[in-house]
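**Student:** When you get a sec, could you give me coordinates for this:
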Amino acid sequence: MRAWVLLSAVLWYLAGVGCQRPSLFSKKGFVYGKLEHPGNNRINVTNTGTLIVKDFLESLSGLYTCTLSYKNVKAETQEESVIQKRYDFMIFAYREPDYSYQMAVRFTTKSCVGRFNDMFFRLLKKILDNLISDLSCHVIEPSYKCHIVKIPENDLIYELFIAFQVNPFAEGWKSLCTETIDCEEITNHNILKARDRIEEFFRSQAYILYHHFIKTRPAMRFVEHSFQVARIDSCRPGFGKNEGLHSNCASCCVVCNPGTFSPDVDVTCQICVSVHHYGAKSCP
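**Tutor:** Predicted structure coming up:
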């Protein structure tokens, strides 16, 4: 017994109840996969049956059914029988999360009173902004507090506890994006470079302190090993993380399902029963 696969796979998009049918499909909702009859300039099926979707849109997410037809031919009698198999699968639009970094560092100081701490804090922010300005990244939400710290076997000292966030969306960041390079790709690349530069900056402060101020250390100096960094993920509006539904890519920002929406850069989709399409950014 031999079998042949016909080059005529049919892909059928089945939207959920109340979901809008995208304009990429015909009125009946079919996309035909013959080589001489491509679905459109976005969707096609290759001669091996592979579905190719270019520039996938959030609204194209949903349940798909692939129906495969082929003939069985009995060698003895040449009797033919047509066999059809159906495969259901879900396709979701997704994006890599946008990254920002929360950072913290400590510096010793002479006192917790006076204007020198504030002057130093503003100078440090300016230095860091200049360090990463060519990457369209900037420092946001900077803050500091001064505390009295007791060091074992030493006197009390004053320390500045400084915290800030490094963000990849400084003014003009969209100008870096092109038709061939996605904004998501370039902003995530730049924020990683910004993180590395700032880490190196504080690493150099420790080196300078150790090699140039062995005997007399300045009162306002970097506290060695105090630099800390943590990545913060955010999703674009209409996307969110859901480890329960998408455990195979728990870190991905997946399009919000019907019945949910995401209006901001949070990482979760909120419930909204009046939403009937994928990728909702508001709750009507």
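
**Student:** contacting residues around Gly259?
**Tutor:** 271-273, 275-276 (CB atoms under 8 Å, 6 or more residues apart in numbering). Yep, even glycine has a C-beta here, placed from its N, CA and C like the rest.

**Student:** run the last query once more with 10 Å
**Tutor:** 16, 18, 269, 271-277, 280 (CB atoms under 10 Å, 6 or more residues apart in numbering).

**Student:** what's the farthest-apart pair in those?
**Tutor:** For the contacts of Gly259, the maximum inter-member distance is 17.2 Å, found between Gly18 and Cys269 (CB to CB).

**Student:** Who has more neighbours out of those two?
**Tutor:** Cys269 (26 against 11; other CB atoms under 10 Å).

**Student:** I'd guessed that one sits against Arg236; true?
**Tutor:** No: using CB atoms under 10 Å, Cys269 makes no contact with Arg236, being 11.9 Å away.

**Student:** any common contacting residues for these two?
**Tutor:** 253, 255, 262, 279.

**Student:** The nearest residue to the first one once chain neighbours are set aside: neighbour count?
**Tutor:** This means Cys253. Using CB to CB, 6 or more residues apart in numbering and skipping the chain neighbours, the partner closest in space to Cys253 is Cys235 (3.6 Å). When neighbours are counted by other CB under 10 Å, Cys235 registers 25.

**Student:** Hmm, Lys281 and Cys235 touching each other?
**Tutor:** No: the criterion here is CB under 10 Å, and Cys235 misses it with Lys281 at 11.3 Å.

**Student:** okay, and the common contacts of these two?
**Tutor:** Common contacts of Cys235 and Lys281 (CB under 10 Å, 6+ apart): 256, 262, 264.

**Student:** which of those lies closest to Arg221?
**Tutor:** Ranked by distance to Arg221 (CB to CB), these are led by Asp264 at 39.7 Å.

**Student:** ok so, going back, which one of the shared contacts of Cys235 and Lys281 sits in the busiest neighbourhood?
**Tutor:** Using other CB under 10 Å as the neighbour test, the shared contacts of Cys235 and Lys281 are led by Cys256, with 29 neighbours.

**Student:** In terms of pLDDT, where does the nearest residue to that residue once chain neighbours are set aside sit?
**Tutor:** The shortest distance from Cys256 to any non-neighbouring residue, by CB to CB, 6+ apart, is to Cys269 (3.8 Å). At Cys269, the pLDDT value in this model is 93.

**Student:** separation between Cys269 and Val255?
**Tutor:** 9 Å (CB to CB, to the nearest Å).

**Student:** Find the residues that touch each one of the two.
**Tutor:** Residues touching both Cys269 and Val255 (CB under 10 Å, 6+ apart) are 235, 238-240, 262, 279-280.

**Student:** Narrow these to those in helices?
**Tutor:** Using DSSP state H, no member of those sits in helices.

**Student:** ok, back up a step: okay, the shared contacts of Cys269 and Arg236 in JSON lines with distance to Glu171 and pLDDT next?
**Tutor:** Shown next, in JSON lines, are the shared contacts of Cys269 and Arg236 (distance: CB to CB, whole Å; pLDDT from 0 to 100):
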{"residue": "Cys253", "distance to Glu171": "24", "pLDDT": "90"}
{"residue": "Val255", "distance to Glu171": "29", "pLDDT": "92"}
{"residue": "Ser262", "distance to Glu171": "25", "pLDDT": "94"}
{"residue": "Gly279", "distance to Glu171": "27", "pLDDT": "92"}
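
**Student:** Between those residues, which sits nearest Trp173?
**Tutor:** Checking these against Trp173 by CB to CB gives Cys253 as the nearest, at 18.3 Å.

**Student:** what's the single longest helix in this protein?
**Tutor:** The chain, longest helix under DSSP H: helix 183-212.

**Student:** Okay, buried residues for it please.
**Tutor:** Within helix 183-212, the residues scored as buried using 16 or more other CB atoms under 10 Å are 183-184, 186-187, 190-192, 194-195, 197-198, 201-202, 205-206, 209.

**Student:** residues contacting the residue with the shortest distance to the centre of the chain?
**Tutor:** By CA atoms, centre = their mean, the chain has its centre lying nearest to Pro97, at 1.1 Å. Neighbour list for Pro97: 184, 188, 231-236, 239-241, 251-253, 265, 267 [criterion: CB under 10 Å, 6+ apart].
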